[in-house]
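Engineer: Structural data only, the sequence is not supplied:
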DNA sequence: CGGACTCTTGAACCATGTCAAGGCGTGTGG
DNA sequence: CCACACGCCTTGACATGGTTCAAGAGTCCG
């Protein structure tokens, strides 16, 4: 289910949002953020497992995650899915859809999720009065390009153990930026999703989680993860086999 | 070697450029393109094998390829390269560098190459007077995100033969958009570069070129390629193993 | 409490990598 | 203009990381 709601005047806006240091308002002054408030007039609530948008849907907006989390996935010619990202609060979904007028990917909620709707036409209308908005939006798009390139590198160059260690560290770092613990968290996705994202099978991910556990690097119980030795994980992820 | 030259008043500008249907001017009216001419005041010529920019260089501009071709590559922790793209005329280099002020990648000319310099500060200055510029730039960035996601899918999901067939078709399609033959062209990169880009070894690429040759799909002689059976290649690239 | 997921673990297999040898082409210096 | 050397490509034999297939154990939820 997908429910659209208007942002009540007394509700939280960009200017008062806890995520403003990660999301679109990053780098803006108090006044600039107040201007930005005009832009966000609608939110959408998506239930766990439901889609924020589907491949082929008309593109009219991008979506800033306010709470919850979303996975985005492409489909290949044979209908198999490739997950291209797990989005957390403060991150933007739909950045790959701004060429054609059709979404090239699905966006599916991994838990009950709320997003802020950023309409493209309204962004263009506001932009001349808020030039920093374009710059920040450009930065967010560039970041996605960089992230995706890193992913290509990971898939092209790294061993499975390096990818999995890197994945855990990446989650840790992003969750800690949101104010959560960097060493203890709950994965919102299945082993299969992690494997798909990392270009591995769910069995390989499971085996590596078990091995890392045996080696004392992490503790895993179902989707709860504890990172016990960040340095060792970093070495595993970063250092090459030399 | 890397030589900066000013654009002479009587030289080709965006408004008269042959690439205008692919590059930044796409979708602009005659008048809008004339405005865009102000933006491009410098070009850079880069010799084969030399760098347009290096990892760590300060970011002040992005670069539209005017002639020649460029490969962009990241470096992993161990110093190994991962090629993230082969850029042809009309395509833009440096889109991944707009967050930090440092280039996250190297851009290396695969042949003698000339690029138009698009300074970010000048783009921001021009934007309020040319709103379509922002939109087109956004489209180009979105396209790069989409392309990179496709690459992730290819690396995550496809067999080597599908990746290589897909690569040939992709080159064919882009070269034909530039007015070249879609069935006969010269690859500007080595087998090693192709392999690196596709997450394979040069031996695997070579073996597949040979096999496709034996099967009558293509003819290869060194870096010259002829596509003899586009449909069969498409089937190979697109259809899954079912 | 039962049924359906989801995860773990083992064993066999295979796609692709690694290592090694040789061929082709091109440019350079004698 | 030839010969030699170097880089790039091809091909073969073998090694291996990761997949596939299969069985069983938790865990969640109605």
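Structural biologist: Structure's in. What do you need? This structure is a prediction, so every number in the text was calculated from the model and none was measured.
Engineer: How is chain A partitioned into domains?
Structural biologist: A:2-135, A:158-238 (automatic domain parsing).
Engineer: ok, the residue most central in space within chain A - contacts?
Structural biologist: For chain A, residue A:87 is the residue whose C-alpha lies nearest the centre (C-alpha atoms, centre = their mean; 1.5 Å). With contact taken as C-beta atoms under 8 Å, 6 or more residues apart in numbering or on different chains, residue A:87 is in contact with A:65, A:69, A:70, A:71, A:72, A:93, A:107. In short, each C-beta sits where N, CA and C put it, glycine included.
Engineer: Pick out whichever of those residues sits closest to DNA strand D.
Structural biologist: Lowest distance from DNA strand D to the contacts of residue A:87 (C-beta to the nearest atom of the strand) belongs to residue A:69, with 16.0 Å.
Engineer: Could you tell me how far the closest one is located from chain B?
Structural biologist: Relative to chain B, residue A:69 is positioned 18 Å away (C-beta to the nearest C-beta, to the nearest Å).
Engineer: Run a quick neighbour tally on that residue.
Structural biologist: 19 (other C-beta atoms under 10 Å in any protein chain shown).
Engineer: near DNA strand C, anything from the top helix by length along chain A?
Structural biologist: Ranked by residue count and defined by DSSP state H, the top helix of chain A is helix A:131-157. No. Under the criterion of C-beta under 7 Å from any atom of the strand, DNA strand C is not reached by helix A:131-157; the shortest gap measures 8.6 Å.
Engineer: What's the first helix or strand after that helix?
Structural biologist: Going down the chain from helix A:131-157, the next helix or strand is helix A:160-177, by DSSP states H and E.
Engineer: about what we covered before: least confident of the domains of chain A, on average?
Structural biologist: Among these, domain A:2-135 carries the lowest mean pLDDT, a mean of 92.
Engineer: Can you measure across that domain, start residue to end residue?
Structural biologist: Taking C-alpha to C-alpha, to the nearest Å, domain A:2-135 runs 31 Å from one end to the other.
Engineer: go on, stretch A:179-187?
Structural biologist: End-to-end distance for stretch A:179-187: 16 Å, by C-alpha to C-alpha.
Engineer: next one: that stretch to chain centre, how far?
Structural biologist: Relative to its chain's centre, stretch A:179-187 lies at 15 Å (C-alpha atoms, centre = their mean, to the nearest Å).
Engineer: hmm, that stretch touching DNA strand D?
Structural biologist: No. Stretch A:179-187 stays clear of DNA strand D (C-beta under 7 Å from any atom of the strand), getting no nearer than 10.2 Å.
Engineer: buried residues in that stretch?
Structural biologist: Buried residues in stretch A:179-187, counting neighbours by 16 or more other C-beta atoms under 10 Å in any protein chain shown, are found at A:185, A:187.
Engineer: quick one: contacts of it?
Structural biologist: With C-beta under 8 Å, 6+ apart, stretch A:179-187 has contacts from A:171-173, A:175-176, A:194, A:223-228, A:230.
Engineer: In which helix or strand does residue A:116 reside?
Structural biologist: According to DSSP H and E, residue A:116 maps onto strand A:113-119.
Engineer: Pick out the residue of chain A closest to DNA strand D.
Structural biologist: Residue nearest to DNA strand D within chain A: residue A:204 (3.1 Å; C-beta to the nearest atom of the strand).
Engineer: which is the next helix or strand following the helix or strand that residue falls within?
Structural biologist: Take DSSP H and E as the rule and residue A:204 turns out to sit in helix A:202-214. Reading on from helix A:202-214 to the C-terminus, the next helix or strand found by DSSP H and E is strand A:218-221.
Engineer: can you list the residues that contact that next one?
Structural biologist: Here strand A:218-221 has contacts from A:168, A:209, A:210, A:212, A:213, A:225, A:226, A:227, A:228, A:229, A:233, using C-beta under 8 Å, 6+ apart.
Engineer: before we move on, back to that, anything in the helix holding residue A:204 near DNA strand C?
Structural biologist: Yes. Helix A:202-214 lies within reach of DNA strand C by C-beta under 7 Å from any atom of the strand, at A:202, A:203, A:205, A:206, A:207, A:209, A:210.
Engineer: ok, now how distant is the last one from residue A:60?
Structural biologist: In this view, residue A:210 and residue A:60 are 45 Å apart by C-beta to C-beta, to the nearest Å.
Engineer: So between the two, which is more surrounded?
Structural biologist: Per other C-beta under 10 Å, whichever of residue A:210 and residue A:60 has more neighbours is residue A:60, with 15 against 12.
Engineer: for the more buried one, what are its contacts?
Structural biologist: Neighbours of residue A:60 in contact, by C-beta under 8 Å, 6+ apart: A:119, A:120, A:121.
Engineer: need the contact list for the first one.
Structural biologist: Under the criterion of C-beta under 8 Å, 6+ apart, the contact partners of residue A:119 comprise A:39, A:60, A:61.
Engineer: Restricted to strands, list those.
Structural biologist: Applying DSSP state E to these, the entries found in strands are residue A:61.
Engineer: nearest to DNA strand C, of the contacts of residue A:119?
Structural biologist: DNA strand C has its nearest neighbour among these in residue A:61, at 29.5 Å by C-beta to the nearest atom of the strand.
Engineer: give me the number of residues near the closest one?
Structural biologist: 21.
Engineer: Is the nearest residue to residue A:86 once chain neighbours are set aside bridged to anything, and to what?
Structural biologist: Leaving aside its sequence neighbours, residue A:86 sits nearest to residue A:71 (C-beta to C-beta, 6 or more residues apart in numbering or on different chains; 5.3 Å). Beta bridges link residue A:71 to residue A:86, residue A:108, judged by DSSP bridges.
Engineer: Repeat that for the one 4 residues further on.
Structural biologist: Per DSSP bridges, residues listed as beta-bridge partners of residue A:75: residue A:81.
Engineer: what about it, how many neighbours?
Structural biologist: Residues lying near residue A:75 (other C-beta under 10 Å) number 16.
Engineer: I'd assumed residue A:52 was in a strand, is it?
Structural biologist: Yes. Membership of residue A:52 in a strand is supported by DSSP: H, G, I helix; E, B strand; the rest coil.
Engineer: Ignoring the adjacent residues along the chain, who's closest to it?
Structural biologist: Closest residue to residue A:52 apart from its sequence neighbours, by C-beta to C-beta, 6+ apart: residue A:107 at 4.2 Å.
Engineer: Same check on residue A:115?
Structural biologist: Residue A:115's closest residue in space is residue A:63 (C-beta to C-beta, 6+ apart), at 4.1 Å.
Engineer: How many residues are close by the one you found?
Structural biologist: Residue A:63: 24 neighbours (other C-beta under 10 Å).
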